[in-house]
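Participant: sequence plus the predicted model coming up.
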Amino acid sequence: MPHHRALLWKIARPVLRLYWRVRRPLTAGVRGLVFDERGHVLLVRHTYIPGWYLPGGGVERGETMLTSLRRELEEEVGVRLTGEARLMGLYANFREFKSDHVALYVVRHGDYEHEPRRSPEIAESGFFPPEALPEGITPSTARRIAEAAGEITPDELW
């Protein structure tokens with residue numbers, strides 16, 4: 001069954017990109033930098049695109065950025081916020097859409113409960129030490145982790 005979803009997404013993605021470019025000129029998304037007690041960061045690998053990413057997704061109509069973050073973390077990886085999610089930055093991503101903007105939040109250990117769950121969108125997830133990130137991590141994801149660690153200056157582009 002997961003193979004069918006991946007094939008469907010592969011076909012639908014170019015059509016959706018065109019639709020989004022024409023009908024949704026401004027889009028918004030959220031990502032969460034979720035750290036465990038060891039300082040390891042939570043990453044996900046999707047079923048429909050290659051690479052490791054920070055958990056998150058699109059902001060739906062009528063949602064705030066923070067509401068969207070709460071929903072996406074719970075749906076994708078079973079993380080339920082119980083404390084603060086601190087806004088780290090707002091980034092522009094012009095690769096996929098006309099004008100996509102991503103809000104990045106930092107969630108520290110103690111500000112969430114984690115009950116791992118399966119999602120049809122997520123092939124696997126896990127916590128990784130920032131100095132030993134998994135092979136296949138996307139460049140933007142690696143940059144956000146380095147920015148959070150103070151290793152590089154934050155950029156305004158995703």
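Facilitator: Sure, I can see it. Numbering: from 1, shown residues only.
Participant: for the protein, what spans make up the helices?
Facilitator: Counting by DSSP state H, the chain has these helices, from start to end: 2-23, 65-77, 139-148.
Participant: quick one: low-confidence ranges for the protein?
Facilitator: Applying pLDDT under 70 to the chain picks out residues 1-3, 5, 17-18, 20-25, 96-98.
Participant: try it again with 80
Facilitator: Within the chain, the stretches with pLDDT under 80 are 1-10, 12-25, 95-98.
Participant: for Leu43, find the nearest of the helices of the chain.
Facilitator: Proximity to Leu43 (C-beta to C-beta) singles out helix 139-148 among those, at 7.1 Å. Every residue, glycine included, has its C-beta placed from N, CA and C.
Participant: if I read this right, Ala142 contacts Glu135, doesn't it?
Facilitator: No. The pair Ala142 and Glu135 does not pass the contact test of C-beta atoms under 8 Å, sitting 11.3 Å apart.
Participant: of the two, which one has the most company?
Facilitator: Applying other C-beta atoms under 10 Å to Ala142 and Glu135 shows that Ala142 carries more neighbours, namely 14 against 6.
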